[in-house]
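Asks: how would this look folded up:
(one chain, ligands or ions: 3)
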Amino acid sequence: MEHTRELASFYDRDLRLTQFSTRLSTARSGNISAGASLFDIYPGIATGEARRTVDKLLATRAPTIIKIAATPHQEMEVWVFPADDGIGLIEVANSPGRAAEIEHNKLMYQANHDVLTGLQNRQRLSDRLKEILTANDGRHVRSALLQIDLDDFKSVNDTLGHGTGDALLKLAADRIRGVLQEGDSAFRYAGDEFAIIQYGKDPSEAESVAQALVDAFKIPFMINEMPLFVGASVGIAFGPQHGTQGEELMKAADIALYAAKGEGRGCARTFNRSMMLLIEQRESLRRSLRMALDRHELLLEYQPLLRATGQIVGFEALVRWDHPEIGRITPNVFIPIAEADGLMDEIGRWVLQEACRQAMTWPESLNIAVNISPAQFLGGSITDIVAQVIDSTGISADRIEIEITESVLLEQTVDNLDTLNTLNVLGVRISLDDFGTHYSSLSYLKNFPFESLKIDQYFIQDVERERKSQTIVRAIIDMAHGLDMIVTAEGVETVMQAQWLINEGCDVLQGHYLGQAMSSERARKFASKASASRRRRERIN
Ligand code: C2E
Ligand code: MG
Ligand code: MG
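Replies: Ligands and ions are numbered 1, 2, ... in the order given. This is a model prediction of the structure:
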């Protein structure tokens, strides 16, 4: 600002002057000071086209430089561009040389900024990291890199489309801008990945910015009048301590980010060396998951579903991975990896085939419930797979129950409808899993023929004493029955919970109290014992 020959000035969101070049001050005989209104300095902008351009730039933050006439008589040209939390302005004399220079600056600006959000881009991030890590003649100044990842962005993008995804990214960029402190800069360096650089500050400041960010993302985003809950996870790394090269620092922040995700997302973590172990484990899991199917390391367990009368309805197939070194791994750990690596189709096909093959060894009255992940459902081949499995195992279609989650139905696309209707035509039943925890927009309940609805265990765990859970569960049971659907309660762990649910008219129960997930061998025994006792009861009656 002291040395530039530009007549440059910067303004905050309220268009109050924050910084200006000495040249501008001289040109105005020292008559300007911080806090002054943009319109005092450039009265020609206060109204008309120029004013609209400024307002639009403030709202959209499009990464561009726009030329405006600052006086009605075009005597002076001003270029405006988004800067920090507000805008910047440069006054230009109308010489051809200056015009070329400004044009060059404009191109530079566009090369360094992300078109969608107006934040600086990946190129700029790595340049900036290089700058700060090599500044001060090799003496390192403390700096912090925060990497930010949106927690459910992929599912929003997949289910609601890219238009909504883009709108969400813009709003996310605004929230990130909102937590920046003086001197911080923000970047978008990949799809839903953002970064903040802090320079010359105390590490505790980076951590407080990270926390502010996590908190800011707890408020839902409103898009097309629909609230979307998309949290943020943050990984923090400090230079030079965790890296003296840009790439090294990014790797460290990325590892911290992964740790934050692993700890339930929606939180911030600072890099430490022991996190490396976690990454190595995940990498090795990824590699071995590719081979797990061929090596017969995946297996299914079966958890019984029982009617309120105690009569067995069937089993839910739950996949597990018996890793040769690590031991048994739960689906919550490896299914996200399988989805990210595109392995879910293959695993899902195997699960369905194997589950139906087992069900053929049970009494014919018993159903088999199989979970289908959103990626699988939206992938497009699910109907073919179901048809093939029915064909190859000879199972009667109405014994198969497909469990999907509400997030699959977030958007009622033609494809979604087609898939559901085809499954329906094939004769399989469809149930809604984990009901109440995703986007319960309910309209789909009117349009799709669901067989049953599974109330998420979140509402069941305290249902025998928590009035709020009771109210919710009661309402779900009522609604489902009104729609001729069967209601299943998941995660029933105590006799009190079971009794309460049966009293309220819940149709089917599932949970540790009634039976844990068990091997195929034990499931077969469980099934034959249950049907034997039923026959006995029937004879007595
Ligand atoms: P889910 O479909 O909601 O399955 C219920 C989960 O709750 C299972 O965990 C089950 O073991 C657990 N559970 C059952 N009763 C109780 C109880 O009384 N208390 C508690 N605390 N938990 C109980 P699991 O097997 O770890 O599966 C987790 C999730 O992984 C499943 O949730 C399902 O979404 C997914 N999953 C499992 N198998 C498959 C599969 O073959 N394909 C796909 N796409 N997803 C699967
Ligand atoms: Mg399930
Ligand atoms: Mg469930």
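Asks: Might you report the residue contacts of the residue of the stretch 251-400 of the chain found nearest ligand 2?
Replies: Residue of the stretch 251-400 of the chain nearest ligand 2, by CB to the ion: Asn371 (4.5 Å). Where you see a C-beta, it was placed from the backbone N, CA and C, and this is true even at glycine. Contact analysis of Asn371 by CB atoms under 8 Å, 6 or more residues apart in numbering lists 316-319, 351, 403, 433.
Asks: Narrow those to those in strands?
Replies: 316-319, 403, 433 (DSSP state E).
Asks: In space, what's closest to Ala527 - neighbours in sequence excluded?
Replies: Trp362 (4.6 Å; CB to CB, 6 or more residues apart in numbering).
Asks: Assign that neighbour to helix, strand or coil.
Replies: Under DSSP: H, G, I helix; E, B strand; the rest coil, Trp362 falls in the coil class.
Asks: and if you look at Arg188?
Replies: strand.
Asks: next one: the one 10 residues further on
Replies: When states are read from three-state DSSP, the local structure at Gln198 comes out as strand.
Asks: What count of nearby residues applies to it?
Replies: By other CB atoms under 10 Å, 23 other residues sit near Gln198.
Asks: and it, what are its bridge partners?
Replies: Beta-bridge partners of Gln198, counted by DSSP bridges, are Ala144.
Asks: Against ligand 3, how distant is it?
Replies: 41 Å (CB to the ion, to the nearest Å).
Asks: ok, now Ile476?
Replies: 14 Å.
Asks: quick one: contacts for the nearest residue to that residue once chain neighbours are set aside?
Replies: Nearest residue to Ile476 in three dimensions, chain neighbours excluded: Ile455, at 5.5 Å (CB to CB, 6+ apart). By CB under 8 Å, 6+ apart, the residues touching Ile455 are 435-436, 473, 476-477, 487-490, 506.
Asks: List the ones among those that fall in strands.
Replies: Per DSSP E, those map to strands at 435, 487-489.
Asks: Include neighbour count, pLDDT and distance to ligand 1 when you put these into CSV, please.
Replies: Formatted as CSV, these follow (neighbours: other CB atoms under 10 Å; pLDDT from 0 to 100; distance: CB to the nearest ligand atom, whole Å):
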residue, neighbour count, pLDDT, distance to ligand 1
Phe435, 23, 90, 10
Val487, 23, 97, 15
Thr488, 29, 97, 10
Ala489, 29, 97, 10
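Asks: contacting residues around the residue nearest to Ala527?
Replies: 315, 523-524, 527-528 are the contacts of Trp362 under CB under 8 Å, 6+ apart.
Asks: at 10 Å instead, please
Replies: 302, 312, 314-315, 368, 399, 520, 523-524, 526-528, 530-531 (CB atoms under 10 Å, 6 or more residues apart in numbering).
Asks: Would you check how far apart it and ligand 3 are?
Replies: 22 Å.
Asks: again, but for Gln457
Replies: 7 Å.
Asks: likewise Glu182?
Replies: 47 Å.
Asks: Wasn't that residue part of a helix?
Replies: No - per three-state DSSP, Glu182 lies outside any helix segment and is coil.
Asks: end to end, how far does stretch 266-279 reach?
Replies: 19 Å (CA to CA, to the nearest Å).
Asks: Residues of this structure that sit close to ligand 1?
Replies: 303, 318-319, 330-332, 335, 348, 351, 371-373, 403, 433-434, 457, 490-493, 511-512, 517 (CB under 6 Å from any ligand atom).
Asks: Not counting its neighbours along the chain, what's nearest the residue nearest the centre of the chain?
Replies: The centroid of the chain falls nearest to Asp152 when counting by CA atoms, centre = their mean (1.0 Å). Nearest residue to Asp152, sequence neighbours excluded (CB to CB, 6+ apart): Val230, at 5.1 Å.
Asks: The one you found is in what secondary structure piece?
Replies: Under DSSP states H and E, no helix or strand contains Val230.
Asks: Equivalent analysis for the one 5 residues further on, please.
Replies: When secondary structure is defined by DSSP H and E, Gly235 falls within strand 232-239.
Asks: List the buried residues of that strand.
Replies: 232-239 (16 or more other CB atoms under 10 Å).
Asks: ok, so of the residues you listed, who is nearest Arg5?
Replies: Closest approach between those and Arg5, by CB to CB: Gly239, at 32.9 Å.
Asks: Near whichever residue of the stretch 51-200 of the chain sits closest to ligand 3, how many other residues are there?
Replies: Here the stretch 51-200 of the chain gets closest to ligand 3 at one residue, Ser155, 16.5 Å apart by CB to the ion. Neighbourhood size, Ser155 [other CB under 10 Å]: 20.
Asks: and it, helix, strand or coil?
Replies: Per three-state DSSP, Ser155 ends up helix.
Asks: I figured it was touching Ser407, is that so?
Replies: Yes - contact status for Ser155 versus Ser407: in contact at 5.6 Å, counting by CB atoms under 10 Å.
Asks: moving C-terminal of the host helix or strand of Leu107, what's the next helix or strand?
Replies: Using DSSP H and E, Leu107 maps to helix 96-111. Next helix or strand after helix 96-111 toward the C-terminus (DSSP H and E): helix 122-134.
Asks: Which other helices and strands does that following helix contact?
Replies: strand 143-150, strand 185-190, strand 193-199, strand 232-239, helix 246-262 (3 or more CB pairs under 10 Å, 6 or more residues apart in numbering; DSSP states H and E).
Asks: Now mean pLDDT too, for those, in a markdown table please.
Replies: Shown next, in a markdown table, are these (pLDDT from 0 to 100):
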| stretch | mean pLDDT |
| --- | --- |
| strand 143-150 | 96 |
| strand 185-190 | 94 |
| strand 193-199 | 95 |
| strand 232-239 | 95 |
| helix 246-262 | 91 |
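Asks: closest one to Leu119 among the ones you listed?
Replies: Nearest to Leu119, of the helices and strands packed on helix 122-134 and by CB to CB, is strand 185-190 at 4.5 Å.
Asks: Wasn't Ser431 part of a strand?
Replies: Yes - according to three-state DSSP, Ser431 belongs to a strand.
Asks: got a list of what it touches?
Replies: By CB under 10 Å, 6+ apart, the neighbours of Ser431 are 316, 369, 401-404, 450-454, 485-486, 488, 508.
Asks: Chain neighbours aside, what residue packs nearest to it?
Replies: Ser452 is the one closest to Ser431 (CB to CB, 6+ apart), at 4.2 Å.
Asks: if we can go back for a sec, can you tell me the average pLDDT over the helix holding Leu107?
Replies: Helix 96-111 shows a mean pLDDT of 78 in the predicted model.
Asks: residues touching the residue nearest to the centre of the chain, list them.
Replies: 159, 168, 192, 228-231, 265, 407, 438.
Asks: a markdown table for those, including neighbour count, distance to ligand 2 and pLDDT?
Replies: A markdown table is the format used below for these (neighbours: other CB atoms under 10 Å; distance: CB to the ion, whole Å; pLDDT from 0 to 100):
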| residue | neighbour count | distance to ligand 2 | pLDDT |
| --- | --- | --- | --- |
| Thr159 | 20 | 19 | 81 |
| Leu168 | 21 | 28 | 96 |
| Asp192 | 20 | 27 | 93 |
| Leu228 | 20 | 24 | 89 |
| Phe229 | 15 | 21 | 88 |
| Val230 | 21 | 24 | 92 |
| Gly231 | 16 | 23 | 93 |
| Arg265 | 15 | 21 | 83 |
| Ser407 | 19 | 13 | 77 |
| His438 | 20 | 13 | 69 |
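Asks: what does this structure have sitting close to ligand 2?
Replies: Proximity of the chain to ligand 2, by CB under 5 Å from the ion, involves residues 371, 403, 433.
Asks: swap the cut-off to 6 Å and go again
Replies: Within the chain, the positions lying close to ligand 2 (CB under 6 Å from the ion) are 316, 371, 403, 433.
Asks: Tell me which of the residues you listed has the lowest pLDDT.
Replies: Asp433 (93).
Asks: Gln311 versus that residue, what's the distance?
Replies: Asp433 sits 22 Å away from Gln311, taking CB to CB, to the nearest Å as the criterion.
Asks: between the two, who's got more neighbours?
Replies: Taking neighbours as other CB under 10 Å, Asp433 and Gln311 compare with Asp433 leading, 23 against 14.
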